[in-house]
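Chemist: Sharing a sequence plus its predicted fold:
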Amino acid sequence: MQKQILKLIFLVVVFFAVPNFASAADVYMSKTGTKTTGKSTAGNWSNSNCYNNLEDIFIANSLSPGDTLTIDDGIYTGASNSIHQWNFPPSGTAGNFIVIRAKNIPCQNGVACNQPLKVHFDGANGAVFEASNYPENDPAKKVEYIKFWGIRWDGISTYTNWDHLYFKQVASMGISDGNSAVFDMSGQHNLVEDCIAFGKGRYKFLFYDISRELQLQGPGNNVCRRCIVRHDWAKKEDPTQDPVASFSSYYNRGTALLNPIDIDSSMPAYWMRNPGELSGAFYQPVDDSSNGQHLLDIEGGIVINSAMNMGQSSSSSVGSGNIYQDIVGINVAGGFLPRGGGTFNRISLLNVNSGNYTYRNALQKSNVLAIDDGIFNWSDSPFVVTNSIFKNLAGIGIYGNATSNYMNMHGVAGGNYSGVSPAVNLISSNPIYNAATNPLGSLKYPVRIENSSALSAAGSFGGQIGARITNKLGVDGAFKGDANWNTEQGSLWPWPLEDWVQAEMRTSDYSSFCAPFAATANACPSTFATDAYRGFASSGVDAWGQPITLTKYIWQSLGNQIPCEIYGTCGGDVIAPSAPSGLSVL
C-alpha cells in the first residue's frame, strides 16, 4: 500500500510539473481551406474543416489554452500569414501551451529526416514573423506559453513582452541584407531547442531586450539548446560598420547556450568589407551594469571552421559571472576576448590561425577579434582558465588579466603566456592522437578525451583536461529553472535531427542573394551556386568513402575515423537494439 501511495504521489507531481502539450481541441489550416469560425474536427482535412491563413484563425479566436493548430504542407505567403504586434496568437497557460505546428515534420512520426521542413512562411512574399520597429509593451498584446514546432520562417523576431515561447525544430533563413538578425528573441524565459539559423543577417541568434526598462523585472533567462548557426551572408556591400556574430546576447541577462554549434562560417567573401568587428561565435557586446551581472552561460559548445573568433564579452559586465565550459574551437581565426571576465573550464582550442581563410581585404581581416590568439583581455575583469588544451595557435596562448592551471599547451607560436604566470600544472606534450606518430595522444576526437589516456585524469581533482561534449544538456522542453534544465542526459551523438539540419541548410538561397550583384564589380564568386553545400552540408563523401554527416564532420575533424559505436555499425552491420530486461508478463 505504501508503495502504491508513493507511486500515486509521484504521478501527481509529474502531471502538474510538466507542461501539457496535448491537444484539448484541434484547429487545421491548409492552402485551400475555407473555414472561418470554430474548431476543426480531428482527422478531417477537407477544405471546409481547414482555415486558409493565420489572420482568420486569430481574428476568430479559434485557439484556446491546450489547443493545437496544425498546418498542412505548403509555402504560405501574404500579410494574412504574418505574425507581428497587430496579428498574433492568443496566450496559453503554464500548464496548457497552445501548439502551432506543421502537420508533417521531418524525423517525426515516420516522416523521412533528410528533407527540409514542409511548412514554410515565405518572408519575401509577406509572410513574416517580425517585431517591426520597437516592441509595444501593451499588456493587451502580451503573448505567453506558445510552442512553435516544425516550421520554417524567413526571419523570426519576437517582442519584449512575449514570454515563455518554445521553438522546437524550427528553421530561420535570413533574407534581409541590412542591420538584421535571423532569429531574434526578446522577453523572458523563452526556449529555443533544436533550431537552426542561416542565410543573411549579421547576427544569427540574438537575445535582445530592446526596451531596456523590462530588465528591472529580472533577467531574461532564455535558453538556446542544441541550436546551430552557419554564417552564409552578412551585409555583403553595406558601407556601414556593424559587428558580425553568431550567438549574441544584448542586455537580456541570464542567457544560456547549451550544446550550441557554429559551423562552416567560413566565407568572408560574402561578409561586409569593413565590419565594425568580426566578433565571433559567442558575443556579449554590451551590458547595463546597474542591473547586475549579465551571467552568460555557454556549455558544451562547438565552433568548427570559422573565419571569426570564438567570442567576446563586454567590459561593462559586472564581476566575472560569465561561464564558458566544455567548448571546442577547431580551425578558427581567433580565440576569446573576455573583457567582462569569466571562468573557462575544459576548453579545447585547436588550430587557431586566421591564415586558414581568405579575407576580402586587410581591413576586414584586422577586424577579427582575438585574432590568432587563445584567450586574452586588456586591463578588464579578470578571467580564469583551467583544464584546457591549446594546440597549434598562430599567436599567444593566454595573456592579460588572467590566471590558469592544469593546462596542455603545444605548438603555440607566440608563446604560451604573456604577462601571465604559467600554470603550475602545465603539460607540454602533443595531445593529438595519431596512430603512426603519436599513438599515446589523448585527443583522438575533439569532443572527448580517451579513457585511461594521459589527459583523462591530469586535471584538477583528478578530472580530465580538454572539452567533454558527449551528452545532451538539459531535459528536452525544460525552461531555465525547471528541474534538470541543464544537467547531462543521454548521449548527444549521433547529433539529433542531423539529416534534417543538413537538408535545411542546403536550401540557403545563394542564387537569390547574389542576383543583385551580377555583372558588377561586386559579383559573387563563380562558385556561389554550390556554396550552400559546403562543409558538413556537402553532398560528397568523407576520407573513408562514406556520406558526410554533421556527426562525422565534427568527430573526424582531427583526422581519425569516427568510432563505430556512435552509429552502431561495429562489425559492419547496424546493431539491433537489445530487448528490454526486467519485464514480466502479468
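Modeler: Here it is on my side, so go on. Here the structure is a predicted model, which means the values were calculated and not measured.
Chemist: quick one: what helix or strand has residue 89 in it?
Modeler: Under the criterion of DSSP states H and E, residue 89 resides outside all helices and strands.
Chemist: wait, it sits on residue 146?
Modeler: Yes. If you go by CB atoms under 8 Å, residue 89 and residue 146 touch, sitting 5.8 Å apart. All C-beta spots, glycine's among them, are computed from the backbone N, C-alpha and C.
Chemist: The two: which has the busier surroundings?
Modeler: residue 146 (25 against 19; other CB atoms under 10 Å).
Chemist: so what's that one scoring on pLDDT?
Modeler: Confidence at residue 146, expressed as pLDDT, is 98.
Chemist: Over to residue 217?
Modeler: 57.
Chemist: tally of neighbours for residue 142?
Modeler: Residue 142: 16 neighbours (other CB under 10 Å).
Chemist: surely it meets residue 91?
Modeler: Yes. Using CB under 8 Å, residue 142 is in contact with residue 91, at 6.9 Å.
Chemist: For the closest residue to residue 455 other than its chain neighbours, give its distance to residue 197.
Modeler: Nearest non-adjacent residue to residue 455, counting by CB to CB, 6 or more residues apart in numbering: residue 442, 3.8 Å away. Per CB to CB, to the nearest Å, residue 442 is found 34 Å from residue 197.
Chemist: Next: residue 463.
Modeler: Applying CB to CB to residue 463 and residue 197 gives a distance of 33 Å.
Chemist: And for residue 121?
Modeler: 15 Å.
Chemist: between these two, which one's more packed in?
Modeler: Between residue 121 and residue 197, counting by other CB under 10 Å, residue 197 is the more crowded of the two (31 against 25).
Chemist: Would you agree that one is in contact with residue 185?
Modeler: No. Contact criterion CB under 8 Å: residue 197 and residue 185 do not qualify, at 10.9 Å.
Chemist: what is in contact with residue 89 and residue 146 at once?
Modeler: 98, 100 (CB atoms under 8 Å, 6 or more residues apart in numbering).
Chemist: Which helix or which strand is home to the residue lying closest to residue 434 once chain neighbours are set aside?
Modeler: Nearest residue to residue 434, sequence neighbours excluded (CB to CB, 6+ apart): residue 441, at 6.4 Å. Here residue 441 sits in a region with no helix or strand, counting by DSSP H and E.
Chemist: related to what we said a few turns ago, and the residue nearest to residue 455, its phi and psi?
Modeler: Residue 442 has phi and psi values of phi -90, psi -20 when expressed as degrees, to the nearest 10.
Chemist: pLDDT score assigned to it?
Modeler: In this model, residue 442 carries a pLDDT of 97.
Chemist: next one: the one 3 residues further on
Modeler: pLDDT, residue 445: 98.
Chemist: wait, what's in contact with it?
Modeler: 555, 556, 558, 560, 562, 563.
Chemist: low-scoring stretches of the stretch 251-400 of the chain, by residue?
Modeler: Regions of the stretch 251-400 of the chain meeting the criterion pLDDT under 70 cover residues 287-292, 316-320.
Chemist: Now do the strands in it.
Modeler: 256-258, 261-265, 277-284, 297-306, 311-313, 323-332, 336-338, 342-352, 375-376, 383-393, 398-399 (DSSP state E, counting those that start in this stretch).
Chemist: what about stretch 174-191, average pLDDT?
Modeler: Mean predicted confidence for stretch 174-191 is 91.
Chemist: List the buried residues for it?
Modeler: Across stretch 174-191, burial judged by 16 or more other CB atoms under 10 Å covers 174-177, 180-191.
Chemist: Also stretch 261-274?
Modeler: For stretch 261-274, by 16+ other CB under 10 Å, it's 261-273.
Chemist: The closest residue in space to residue 37 that isn't next to it in sequence: neighbour count?
Modeler: Computed as CB to CB, 6+ apart, the closest residue to residue 37 that is not its neighbour in sequence is residue 60, at 5.2 Å. Residue 60 has 15 neighbouring residues, counting by other CB under 10 Å.
Chemist: Who are the contact partners of residue 60?
Modeler: So residue 60 contacts 36, 37, 38, 51 (CB under 8 Å, 6+ apart).
Chemist: Which of the residues you listed are buried, as a ChimeraX select command?
Modeler: The ChimeraX command for the buried members of the contacts of residue 60 (criterion: 16+ other CB under 10 Å) is given here:
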select :51
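Chemist: and which of the contacts of residue 60 is nearest residue 543?
Modeler: Lowest distance from residue 543 to the contacts of residue 60 (CB to CB) belongs to residue 51, with 50.8 Å.
Chemist: Ramachandran angles for that closest one?
Modeler: The phi/psi pair for residue 51 (degrees, to the nearest 10) is phi -80, psi 170.
Chemist: dump the residue contacts of the closest residue to residue 168 other than its chain neighbours.
Modeler: Nearest residue to residue 168, sequence neighbours excluded (CB to CB, 6+ apart): residue 149, at 4.5 Å. The contact partners of residue 149, by CB under 8 Å, 6+ apart, come to 99, 100, 101, 102, 105, 167, 168, 169, 170.
Chemist: Residue 267 now?
Modeler: By CB under 8 Å, 6+ apart, residue 267 lies in contact with 231, 232, 307, 531, 534.
Chemist: Name the member of those residues with the most neighbours.
Modeler: That'd be residue 231 among these, by other CB under 10 Å, with 32 neighbours.
Chemist: ok, for it, nearest residue in space, not its chain neighbours?
Modeler: Nearest to residue 231 is residue 265, by CB to CB, 6+ apart, at 3.5 Å.
Chemist: That neighbour contacts residue 246, correct?
Modeler: Yes. At 6.4 Å, residue 265 counts as touching residue 246 under the criterion of CB under 8 Å.
Chemist: Mutual contacts of these two, please.
Modeler: Counting by CB under 8 Å, 6+ apart, the residues touching both residue 265 and residue 246 are 229, 231, 281, 306, 308.
Chemist: what's the distance between the second one and residue 536?
Modeler: As judged by CB to CB, residue 231 and residue 536 stand 14 Å apart.
Chemist: Also the last one?
Modeler: Note on residue 308: its distance to residue 536, by CB to CB, is 17 Å.
Chemist: neighbour count winner among those two?
Modeler: residue 308 (33 against 25).
Chemist: Now do the contacts for the more buried one.
Modeler: 231, 244-246, 265, 278-281, 332-334, 368-369.
Chemist: Just want the phi and psi numbers for it.
Modeler: According to degrees, to the nearest 10, residue 308 has phi -110, psi -170.
Chemist: same check, this time on residue 152
Modeler: phi -110, psi 130.
Chemist: try residue 225
Modeler: Per degrees, to the nearest 10, the backbone of residue 225 is at phi -110, psi 120.
Chemist: That one contacts residue 479, doesn't it?
Modeler: No. The criterion here is CB under 8 Å, and residue 225 misses it with residue 479 at 10.0 Å.
Chemist: who touches both of those two?
Modeler: By CB under 8 Å, 6+ apart, the residues touching both residue 225 and residue 479 are residue 191.
Chemist: What's the local residue count around residue 566?
Modeler: Count around residue 566 with other CB under 10 Å applied: 16.
Chemist: Just the element for residue 148, please.
Modeler: strand 143-149.
Chemist: which element follows that strand toward the C-terminus?
Modeler: Counting by DSSP H and E, the next helix or strand C-terminal to strand 143-149 is strand 152-153.
Chemist: What ranges does the chain have for its helices?
Modeler: 2-17, 54-59, 362-366, 498-505, 510-514, 550-555, 564-567 (DSSP state H).
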